[in-house]
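A.B. asks: Below: sequence and its predicted model.
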Amino acid sequence: MSTPTRSFAAQSATSSLAPYTLERRTPTEHDVAIEILFCGVCHSDLHQVRDEWHNSVYPVVPGHEIVGRVTKVGSSVTKFKQGDLAAVGCMVDSCRKCPNCLAGLEQYCNSFPVLTYNGPDKHLGGMTYGGYSEGIVVDEAYVLKVPENLNLAAVAPLLCAGITTYSPLRHWKVGPGQKVGIVGLGGLGHMGLKFAHALGAHVVLFTTSPNKVEDAKRLGADEVVISKDAEQMQAHAQSFDFILDAVSADHDPNTYLNLLKTDGTLVLVGAPENPLPVAAFSLLPQRRAIAGSMIGGIAETQEMLDFCGKHEIVSDIEMIDIQQVNDAYTRLLKSDVKYRFVIDMASLKK
Ligand code: NAP
Ligand code: ZN
Ligand code: ZN
């Protein structure tokens, strides 16, 4: 049993997103049915629509920054009732048995988590479909509660851009007394900047876009460096405890490794299509480390949302209708977003 649901989908790596009717399962006893009100536009949506990670199965209905209202709950659901606000991020399930799932690290499930879109759908077969749609049905164990005091549309990007930057900042214990770099002022970067600032670090924002300097300061940067300016970069040599790299395209990580002090760490959260070159002699001289981090677990995502509620942190958004999403992708590729596109899902009915 399933319900026809309006959405926008890409039918191939070269086609634009266009209207598509998908099927959502009838809620089981553990499921929550959600009317999607807003969905953020992540650069990962663009990577997958265009098959830049070489694993897309079409049609792709992207979207993993989902907020909305509960319309129906299954008989065993305890966390939600009809009418509640609810949110869904990048995962809708995982094996629930492996050591990582049991430790609340579902994003590192040894069988790989079931992603919100372009993951194998255990219920209906085929692939999962994401949030560029009017509704979604998800097991309550993978549904988040939304703080009531925040602007709902501006909460949507927290479900990916928020948790993806919050998780490594917490894991590497960023806090007062540390010098922290954030590379790239896009959707992830601007959230990383807000969180690093809220956690009390001295934050330096690296950007290729001189027109973002004032915004970066307003968003919490203590200093802003134009990364194409070798002199400005050199002034920060060997001085950082931690740098978070949120760049979506090819770039040189060695320039950032060289800014780390002894035992400093560069963490990649950006996921460019091509491998990045890392020189041994960027790492050896100061015992530097390079690492990666992927979204965050369910409990940590809830912790992040609660942190945002307490500190009144949301994303800076540009609201769009779903019919504008292809233009939004074009702007993402020009680093021209301030600082996250969010789709008003009511526009699906236009
Ligand atoms: P975005 O909003 O498009 O921001 C990317 C930023 O990177 C741009 O605004 C730009 O910042 C900078 N940039 C772009 N091209 C560049 C280039 N050629 N050289 C240097 N800097 C460049 O993207 P996003 O949604 O934040 O996502 C960023 C990346 O993270 C994507 O690859 C995405 O797939 C990945 N991601 C990973 C995870 C995870 O779990 N690890 C989760 C979500 C997304 P400036 O204008 O300031 O230079
Ligand atoms: Zn994302
Ligand atoms: Zn698992």
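C.D. replies: That came through fine. Ligands and ions are numbered 1, 2, ... in the order given.

A.B. asks: Okay, now the unreliable bits of the chain?
C.D. replies: Scanning the chain for pLDDT under 70 picks out nothing.

A.B. asks: max-length strand in it?
C.D. replies: When the chain is parsed with DSSP state E, its longest strand is strand 31-41.

A.B. asks: How about the contacts made by the residue in the chain that ligand 1 sits nearest to?
C.D. replies: Per Cβ to the nearest ligand atom, residue 186 is where the chain lies closest to ligand 1, at 1.7 Å. Backbone N, C-alpha and C define where each C-beta goes, glycine included. For residue 186, the contact set (Cβ atoms under 8 Å, 6 or more residues apart in numbering) comprises 43, 246, 248, 332, 335, 337, 339.

A.B. asks: picking up where we left off before, direction included, what does the longest strand of the chain pair against?
C.D. replies: Partners of strand 31-41 in the sheet, by DSSP bridges, are strand 66-73 (antiparallel), strand 135-139 (antiparallel), strand 340-344 (antiparallel).

A.B. asks: How far off centre is the second one?
C.D. replies: Shown here is strand 135-139, whose average C-alpha point lies 19 Å from the average C-alpha point of the whole chain (Cα atoms, centre = their mean, to the nearest Å).

A.B. asks: Now the element after it, going C-ward?
C.D. replies: Counting by DSSP states H and E, the element after strand 135-139 in chain order, helix or strand, is helix 152-155.

A.B. asks: what kind of secondary structure is the residue of the chain most remote from its centre in?
C.D. replies: What lies farthest from the middle of the chain is residue 285; by Cα atoms, centre = their mean that is 32.9 Å. Classification of residue 285 using DSSP: H, G, I helix; E, B strand; the rest coil returns coil.

A.B. asks: quick one, phi/psi of it?
C.D. replies: Reported as degrees, to the nearest 10, the phi and psi values for residue 285 are phi -60, psi -30.

A.B. asks: Residues contacting the longest helix seen in the chain, please?
C.D. replies: Counting residues, the longest helix found in the chain (DSSP state H) is helix 298-311. The contact list for helix 298-311 (Cβ under 8 Å, 6+ apart) reads 87, 89, 91, 104, 106, 141-142, 144-150, 155, 158-159, 162-163, 166-167, 170, 198, 295-296, 313-314.

A.B. asks: Then stretch 251-269?
C.D. replies: For stretch 251-269, contacts defined as Cβ under 8 Å, 6+ apart pick out 164-165, 168, 172, 181, 183, 188, 192, 206, 227, 233, 236-246, 272, 276-279, 282-283, 286-294.

A.B. asks: can you pull the buried residues of it?
C.D. replies: 251, 253-260, 264-269 (16 or more other Cβ atoms under 10 Å).

A.B. asks: Endpoints of it, how far apart?
C.D. replies: The first residue of stretch 251-269 is 13 Å away from its last residue (Cα to Cα, to the nearest Å).

A.B. asks: Give me the secondary structure label for residue 193.
C.D. replies: Applying three-state DSSP: residue 193 is helix.

A.B. asks: re the thing from before, give me the subset of the buried residues of stretch 251-269 that also touch ligand 1.
C.D. replies: Applying Cβ under 6 Å from any ligand atom, the subset of these adjacent to ligand 1 comprises 251, 269.

A.B. asks: Among the buried residues of stretch 251-269, which ones are in strands?
C.D. replies: Counted as lying in strands by DSSP E, out of the buried residues of stretch 251-269, are 260, 264, 265, 266, 267, 268.

A.B. asks: Same list (these) but as TSV, adding distance to ligand 3.
C.D. replies: Compiled in TSV, these are given as follows (distance: Cβ to the ion, whole Å):
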residue	distance to ligand 3
260	33
264	31
265	26
266	28
267	23
268	23
